[in-house]
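>>> how would this look folded up:
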Amino acid sequence: MKAVTVKEIKAELNELSHKEIQELCLKLSRFKKENKELLTYLLFEANNEAGYINSVKNYIDTEFETINTDSFYYIRKTIRKILRNIKKYIRYSKKKETEVELLLYFCEKLKNFKPSISKSTQLHNIYYRQLELAKKHINTLHEDLQYDFNVMIESLSE
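As a prediction, the model looks like this:
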């Protein structure tokens, strides 16, 4: 089955009633966890971006606490999982401020992680890649936010 274009989907949705659209959304939420998470964000959390950022930060905190530190293999594996989920949450929001704030928070947690990431080249590279990505997105933000985030980057770059 070939997927139709967004334009065709939009045209078809315009012809449906409110109840039919509601049923389609509920069906969509049953198929994938990501669809349900996106609907949750759009319905409950999009109005309160600060609360959403705090909930993702809490997720990051709990995940960092559960990392198996027996070997760097397990650490890398878990760090990549955390980063993959952070990127998914960033995709839901689509706001550059949220992206930069979450990436910088992830970098801060990674920098302060014990055992030190300097002993693992891969973890070190993940850290600097995310820091560079945050720097790249900072340039598109408002000047005041740029200053605040650049101060955070300076402290992380030391």
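>>> hey, where'd the helices end up in this structure?
Counting by DSSP state H, the chain has helices at residues 6-15, 18-31, 33-40, 49-65, 72-93, 96-111, 121-138, 143-157.
>>> Which residues does the longest one contact?
In other words, helix 72-93. Residues outside helix 72-93 that contact it (Cβ atoms under 8 Å, 6 or more residues apart in numbering) are 34, 37-38, 41-42, 46, 49, 52, 56, 59-60, 63-64, 66-69, 98-99, 102-103, 106, 110, 113, 115, 119-120, 122-123, 126, 130. C-beta here means a position set from N, CA and C on the backbone, and glycine is covered the same way.
>>> angle of it against helix 96-111?
170 degrees (axes from the mean of the first three to the mean of the last three Cα atoms, to 10 degrees).
>>> Excluding sequence neighbours, find me the nearest residue to Gln122.
Using Cβ to Cβ, 6 or more residues apart in numbering and skipping the chain neighbours, the partner closest in space to Gln122 is Arg76 (5.4 Å).
>>> Next, count neighbours for the one you found.
16 (other Cβ atoms under 10 Å).
>>> which of the helices of the chain sits most buried?
Of the helices of the chain, the one with the most neighbours on average (mean count of other Cβ atoms under 10 Å) is helix 96-111, at a mean of 20.
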